Every structure is written in structure tokens, then in C-alpha cells.
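S.K.: Just a sequence and a predicted model for now, questions to come.
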Amino acid sequence: MRLLGHPIHPMLVHFSVVFWTVAAVAYMAAAFGVENAAEVAKLSNGAGLTMAALAMVAGFLELRAIEGASATMRVATWHMMVMATAWLCFLLALVLPASADIDPATAKLAGVLSAAAGFLLMGTGGRLGGRLVYEFGVGVGVRSHAKRR
């Protein structure tokens, strides 16, 4: 899936990385009692979940360009699984503190731990995504000015 010749997935992932980084820091700040940090965490996490969902759709559509039983597809599959798990962790971080069925202190701790796990998984998934681009050349077009050998 491309826009003006450029893959859309890498255009979108940066937004969720920024929003989720802000959310993870804000969840931790809220746990230490920083005023308004919980609201910042919720808003940035919601925005990160939305942008990540769009990035996941674009990434899934771009899978068609990868050969089925290849090392590239194995890395792409791991990348998808790790990032989907990160998405679920951030979703839990968003909904657990609002749950009426859980003790508020436990819900807040579960939200912080979920956001921290999501943040670590996001870094791992980003590393795998980097391998797809830099090691396997996924999404990299042939440049007309490149020297031919």
C-alpha cells in the first residue's frame, strides 16, 4: 500500500511510537501522583492505539510484497505478533484503570505495568521492523540514481 510511491506503513508508525512513549511516561508519572498525568496518559494512549491500528492495516496490506516461506516473512510475522501484543498491552493500560470491578490501586498498577510491557514490546517490534527495512530491504524502492554494477 503506497502513497505517491512511498509505503504508508512507515509513515504511520512514527505517530504511535510518539503517542505511546508519552503515554508510558505519563502512566508512570500518574503512579507517582503527578497532577493531570493520568489524563495525558489516556489521551496519548488512545491516539497511539488509533494510529497503530491504521499502521497495522497498512503493514498487513504490504505483506503481499514479501515472499511466503522466506526469512523475511518469518521476521515480518514476528514483527506483527510483537506489535499486536504491544497494542493489546496499551489497550489494557487504557481500560484497566477505568474498570469498576478492580480495586483502584490494583487497576492503576496494572495499567502502569501494561504500558511498560507495551513500551518494551514496541521497542522490540521496532527492532524487527528495522531489520525488515535495513537487512531485507522491505519497502525500499530502486533509486534511479543508484549506480549499477
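M.R.: Nice, thanks for sending it over.
S.K.: In which helix or strand does Val75 reside?
M.R.: Following DSSP states H and E, one finds Val75 within helix 71-95.
S.K.: biggest helix in this structure by residues?
M.R.: Across the chain, the longest stretch assigned as helix under DSSP state H is helix 104-134.
S.K.: For this structure, spot the helix or strand the model is least confident about on average.
M.R.: Ranking every helix and strand in the chain by mean pLDDT, DSSP states H and E puts strand 2-3 at the bottom, with a mean of 74.
S.K.: Parallel or antiparallel, list what pairs with it.
M.R.: strand 6-7 (antiparallel) (DSSP bridges).
S.K.: just checking, next helix/strand downstream of the strand it pairs with?
M.R.: Using DSSP H and E, the helix or strand that follows strand 6-7 towards the C-terminus is helix 8-31.
S.K.: relative to helix 8-31, how tilted is the host helix or strand of Ser44?
M.R.: Following DSSP H and E, one finds Ser44 within helix 37-62. For helix 37-62 against helix 8-31, the angle by axes from the mean of the first three to the mean of the last three Cα atoms, to 10 degrees is 160 degrees.
S.K.: Rounded mean pLDDT for helix 37-62, please.
M.R.: Averaged over helix 37-62, pLDDT sits at 96.
S.K.: cool, stretch 72-81 as well?
M.R.: Across stretch 72-81, the per-residue pLDDT values average to 96.
S.K.: Can you list the buried residues in that stretch?
M.R.: Residues of stretch 72-81 classed as buried under the neighbour-count rule (16 or more other Cβ atoms under 10 Å) are 72-73, 75-76, 79-80. Where C-beta positions appear, they are placed from N, C-alpha and C, glycine not excepted.
S.K.: Need those residues in JSON lines (columns: distance to Gly130).
M.R.: Below are the buried residues of stretch 72-81 laid out as JSON lines (distance: Cβ to Cβ, whole Å):
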{"residue": "Thr72", "distance to Gly130": "13"}
{"residue": "Met73", "distance to Gly130": "16"}
{"residue": "Val75", "distance to Gly130": "10"}
{"residue": "Ala76", "distance to Gly130": "12"}
{"residue": "His79", "distance to Gly130": "9"}
{"residue": "Met80", "distance to Gly130": "15"}
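S.K.: Good, we can wrap up now.
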